[in-house]
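Enquirer: predicted coordinates and the sequence they were generated for:
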Amino acid sequence: MRIMGLDYGSATVGVAISDALLWTAQGIEVIRRKEENKLRQTLRRIEELAKEYEVDRIVVGYPKNMNNTEGPRVEKSKEFAEMLQKRTGLSVVLWDERLTTVAAHNAMLEADLSRKKRYQAVDMVAAALILQGYLDSLRNGK
C-alpha cells in the first residue's frame, strides 16, 4: 500500500509517493498543463501513476489562508479532489498545505539549486512535504 500526495496548482500538479511502509514521501514528477481547466490529461496521468505505484489513497493539498479562511483556490482544490475520487475510485483526503511552497523553496535554496531547477521542482517538493505531513500525522495518531 502506498499513498500519493498532490500539490494542485493552476498550471501544474506536483506528485509525490510514499514508500510501502508509509514512512517517507518522495517527489516523483510535475504534471504541467496549458490551461487551468483542461484536466483530462492531468487526471489520466495521475490515474496511471496511482496504478503503477499501487496507490490506495490520495492526499491533495488544501490551500487555506494563513488566517484559516478559505479562498478561491480551496474551492478549486475541492472540485479537483472530487474529480479524482470519481475517476480513480480511491479515497481522496484534503490536507492543510499552508507554507509548504515556502518550505520547498527554502529547502531548495539550502541545497543550492539554480533558479531554473527550483522552478522546475518546487511543486514536486511541495507535494512531498504535503504527503510527509500526512504520513507523520498517521504515525502520531492524529
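Expert: Now that the structure is in, tell me what you want to look at. Residues are numbered from 1 along each chain as shown.

Enquirer: the helices in the protein, which residues?
Expert: Under the criterion DSSP state H, helices of the chain are mapped to 40-52, 72-88, 100-110, 115-139.

Enquirer: mean pLDDT lowest where, among the ones you listed?
Expert: Mean pLDDT per stretch puts helix 100-110 lowest among these, at a mean of 61.

Enquirer: separation between A128 and L90?
Expert: Taking CB to CB, to the nearest Å as the measure, A128 and L90 are separated by 19 Å. (C-beta placed from N, C-alpha, C; glycine too.)

Enquirer: quick one: which of these two has more around it?
Expert: A128 (26 against 17; other CB atoms under 10 Å).

Enquirer: residues in contact with the more buried one?
Expert: The neighbours of A128, taking CB atoms under 8 Å, 6 or more residues apart in numbering as the test, are G5, G14, A16, A25, Q26, G27.

Enquirer: and if we set it to 6 Å?
Expert: For A128, the contact set (CB atoms under 6 Å, 6 or more residues apart in numbering) comprises A16, A25, G27.

Enquirer: and the nearest residue to S10 once chain neighbours are set aside, how many residues sit next to it?
Expert: Here the nearest residue to S10 in space, its sequence neighbours aside, is E36; by CB to CB, 6 or more residues apart in numbering that works out to 4.7 Å. The burial count assigned to E36 is 10, neighbours taken as other CB under 10 Å.

Enquirer: quick one: E36 and G9 touch, right?
Expert: No. Between E36 and G9 there is no contact, the gap being 8.9 Å when judged by CB atoms under 6 Å.

Enquirer: neighbours of W95, how many?
Expert: W95: 16 surrounding residues under other CB under 10 Å.

Enquirer: thanks a lot, catch you later.
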